[in-house]
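Visitor: Next one to model:
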Amino acid sequence: MLVYILKSSACLAVFLIFYKLFLEKENMHFFKRFYLIFSVIIALCIPFITFTQYLEASSEIQPLINKSLILNSTAEYNYLPTVLWSIYGIGVFVFGILFLKNLFKILYIIKQNIKVKSNRFTNVLLQNLVIPHTFFSYIFLNKHKFETHQIPKEVLLHEETHAIQKHSLDILFIEILQVIFWFNPLMYVLKQSIKLNHEFLADKAVLNKGIETSTYQNILLAFSSGALQPLPKTIGMANAINYSLIKKRFTVMKTKTSKQSIWIRSIILLPLLAITLYSFSDKIIVEKEKINLEELEVTTLQEKATEKQVAEYNALAKKYNEQPADNKVIKLEDLKRLEYIYHLMSDTQKKNAQPFPNFPPPPAPDVPKVNEVKEIAPPPPPPLPNNATPEQKRKYKEGYKDAQVAAKVLRLKTQKGELVKVRELRSDEDRQRIKIERLAHREAQVATRVLRNKEQKEQLVRVRAIRSDEDREKLKTERLVHRKAQVTAKALKLKAQKEQLVRVRVIRSDEDREKLKTERLVYIEAQVADKVLKLKAQKEQLIRVKEIRLKENKKRLKEEKKAYKKAQAKEKAQKRKSKKKDN
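Guide: Numbers count the residues shown, from 1 in each chain. The predicted structure is shown next:
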């Protein structure tokens, strides 16, 4: 188990490194989605693949086993595997409970809150100021902002893309794997990469609707300003707008990946997959057992003959069965051919074919005048009848083996005797006879080669003739069909494009004009409301200033009046004093 974990983790690490270096910042998000999912599956499956290598058995290599090690291993019990398995089980139990708790929490939120259906989606309205997020076809939004239409259209399109493309399936799959492989940190890295790629896919879908990148980026920055509460940890399996990696999203929005770079990166994956498959799969070396040639010859006797061979056998057997029993003459080549085909035939073929002809035993060969007398091998057993029992077949096989062994022994003895004969009887006549035999053998070889060449030439001429007449017509028809298919495909594409353009123009003429009018009216009303508010504020400020000034002026006037009255009273008092002095 430990070896499997290490191998699968190494495979996954290789695939993730390749993704981080060559694929993450490229604008090929659909390919990246399937790459991340299948990289986990392949990494988990590669350690199970085994390659068997067959080697010939050798008597020199023998495994040496130390008996003392076996005794010691059986005597002491190893507690480490049980401890490790218990820790793993506890981890799976804890993470499984957390996974189920989060799942039930989402279902509880869906059940308890208000739901508003719009097309294929269901908007779940929450009281809290949370970031909009999606779980399958449920989009979680703030109730106040949804009712007052404060959520931008781009954000709703972003969340609807998560629901349409079923991004929650990927996250559920990774969450289940994370429960099983809770100890593997690469699963957490993979989960973050999948979530980020989901954001790339949603951003691309929003931009494809004709929305400018600058406006969409401003909306994302406005939503990431911190006014909204982040998602709780219990709802981590839902798709939400990820603001922590917003810089990467902005850079990826501006990048454009060409088709050539996509093909190059996908081609590089093939050697990477081959290297991981070869290096992290199991390899088993199996030793081949030595096969006895005699057993192979016996087993090949029961193979099925072809129709041509059966027809040839029937013709030869019929020819020799029609001859009289007392005066049968057969060629040695025909006899060998009959025996060969008969042994190849199956039981059903033997039943339906001509019976094997009964031939008289061949005359005894002339015994050469050599010092040693040659032994004569026993003749092979007669062919089996059509209704043969299993015991007869077994005895026939044993007799056939004995006959073959005896024939091999006789061949060796005759070869030795011929060598002795050649050494003793190397006269002029023998030399001439050997030369004639060699010439005849060479002529026969040359004739067979010439026949083979003629047959090959005839086959080539026939192939060329067939190609010249039939194949040319076939190629012409296939090319015409292919061209017609291409022309029809192009015509269909052009029609579809024209229909789309006409539809866009019609939509723009009716619906979009009304939308633009309403949007302009709403915009003008908003501007007028802003101006009215500004004027009201200015008027309020002016009134307040006037009131303050009036209060200050009144106070100042009162003080001036008091001071003037005091000055007048002082002047009157001085005048009185001066009059008194004069009197």
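Visitor: so residue 324, which of the three states?
Guide: Secondary structure, DSSP: H, G, I helix; E, B strand; the rest coil: residue 324 is coil.
Visitor: How many residues are close by it?
Guide: 6 (other Cβ atoms under 10 Å). C-beta coordinates here come from the backbone N, C-alpha and C atoms, glycine included.
Visitor: State the distance from it to residue 575.
Guide: Noted for residue 324: a distance of 191 Å to residue 575, by Cβ to Cβ, to the nearest Å.
Visitor: again with residue 175
Guide: Counting by Cβ to Cβ - residue 175 and residue 575 are separated by 105 Å.
Visitor: Looking at these two, which is more packed in?
Guide: residue 175 (19 against 10).
Visitor: And the next helix or strand past the particular helix or strand that has the more buried one in it?
Guide: Assigning secondary structure by DSSP states H and E places residue 175 in helix 167-180. Per DSSP H and E, the first helix or strand lying C-terminal to helix 167-180 is helix 185-208.
Visitor: Report the buried residues of that next one.
Guide: Neighbour counts over helix 185-208 (16 or more other Cβ atoms under 10 Å) mark 186-187, 190-191, 193-203, 205-206 as buried.
Visitor: Could you list every helix and strand in contact with the following helix or strand past it?
Guide: For helix 185-208, the following helix or strand on the C-terminal side (DSSP H and E) is helix 213-223. Applying 3 or more Cβ pairs under 8 Å, 6 or more residues apart in numbering; DSSP states H and E, we find helix 213-223 packed against helix 153-164, helix 185-208, helix 246-254.
Visitor: which parts of helix 213-223 are buried?
Guide: Under 16+ other Cβ under 10 Å, the buried positions of helix 213-223 are 216, 217, 219, 220, 223.
Visitor: ok, the second one to residue 535 distance?
Guide: Which is residue 217. On the measure of Cβ to Cβ, residue 217 and residue 535 end up 34 Å apart.
Visitor: Also the fourth one?
Guide: The gap separating residue 220 from residue 535 is 34 Å, by Cβ to Cβ.
Visitor: Same check on the third one?
Guide: In this view, residue 219 and residue 535 are 30 Å apart by Cβ to Cβ.
Visitor: Can you tell me which of the buried residues of helix 213-223 is closest to residue 96?
Guide: Using Cβ to Cβ, residue 223 comes nearest to residue 96 of these, at 33.9 Å.
Visitor: quick one: pLDDT of that closest one?
Guide: With respect to pLDDT, residue 223 scores 69.
Visitor: what bits of this structure have low per-residue confidence?
Guide: Where the chain drops to pLDDT under 70, the residues are 54-77, 223-244, 285-304, 325-328, 359-387, 417-427, 463-467, 504, 507.
Visitor: Name the single longest helix found in it.
Guide: Longest helix in the chain by number of residues (criterion: DSSP state H): helix 513-582.
Visitor: sorry, back to before: for the helix holding residue 175, which helices and strands make contact with it?
Guide: helix 29-45, helix 80-112, strand 133-135, helix 185-208, strand 239-240.
Visitor: The fourth one vs helix 167-180, what angle?
Guide: Okay, so that is helix 185-208. Helix 185-208 and helix 167-180 are oriented at 170 degrees to each other (axes from the mean of the first three to the mean of the last three Cα atoms, to 10 degrees).
Visitor: Extract the CA atoms of helix 185-208 and return them as CSV.
Guide: What follows is helix 185-208, C-alpha atoms only, in CSV (Å, rounded to 0.1, in the frame of the first residue of the first chain):
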residue,chain,number,x,y,z
PRO,A,185,-1.1,17.6,0.3
LEU,A,186,-1.2,17.4,-3.5
MET,A,187,-5.0,16.9,-3.3
TYR,A,188,-5.4,20.3,-1.8
VAL,A,189,-3.2,21.9,-4.4
LEU,A,190,-5.2,20.1,-7.1
LYS,A,191,-8.5,21.4,-5.6
GLN,A,192,-7.2,25.0,-5.6
SER,A,193,-6.1,24.6,-9.3
ILE,A,194,-9.5,23.2,-10.3
LYS,A,195,-11.4,26.0,-8.5
LEU,A,196,-9.1,28.7,-10.2
ASN,A,197,-9.7,27.1,-13.6
HIS,A,198,-13.5,27.2,-12.9
GLU,A,199,-13.1,31.0,-12.4
PHE,A,200,-11.2,31.3,-15.7
LEU,A,201,-14.0,29.4,-17.5
ALA,A,202,-16.7,31.7,-16.0
ASP,A,203,-14.7,34.8,-16.8
LYS,A,204,-14.3,33.7,-20.4
ALA,A,205,-18.0,33.0,-20.7
VAL,A,206,-18.8,36.5,-19.4
LEU,A,207,-16.4,38.2,-21.8
ASN,A,208,-17.7,36.2,-24.7
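Visitor: Output the contacting helices and strands for it.
Guide: Under the contact criterion of 3+ Cβ pairs under 8 Å, 6+ apart, helix 185-208 touches helix 2-18, helix 29-45, helix 153-164, helix 167-180, helix 213-223, strand 239-240, helix 246-254.
Visitor: What are the contacting residues of the fifth one?
Guide: Outside of helix 213-223, the residues within contact range by Cβ atoms under 8 Å, 6 or more residues apart in numbering are 131, 152, 154-155, 203, 206-207, 241, 243, 246, 249-250, 253-254.
Visitor: That helix: how far from the chain's middle?
Guide: How far helix 213-223 lies from its chain's middle: 36 Å, per Cα atoms, centre = their mean, to the nearest Å.
Visitor: OK, contacts around residue 341?
Guide: 305, 309, 310, 312, 313.
Visitor: I'd like to know which elements the strand or helix carrying the third one is packed against.
Guide: Looking back up the chat, that one is residue 310. Residue 310 is part of helix 307-321, with elements assigned from DSSP H and E. Contacting helix 307-321 under the criterion 3+ Cβ pairs under 8 Å, 6+ apart are the following elements: helix 332-344.
Visitor: one step back: okay, buried residues for the helix holding residue 175 please.
Guide: For helix 167-180, by 16+ other Cβ under 10 Å, it's 167, 168, 170, 171, 172, 174, 175, 177, 178, 179.
Visitor: so residue 268 makes contact with residue 19?
Guide: No - applying Cβ atoms under 8 Å as the test, residue 268 and residue 19 come out as separate, 11.9 Å apart.
Visitor: So for those two, which sits in the more crowded spot?
Guide: Legend: neighbour count by other Cβ under 10 Å for residue 268 and residue 19, higher for residue 19 (18 against 12).
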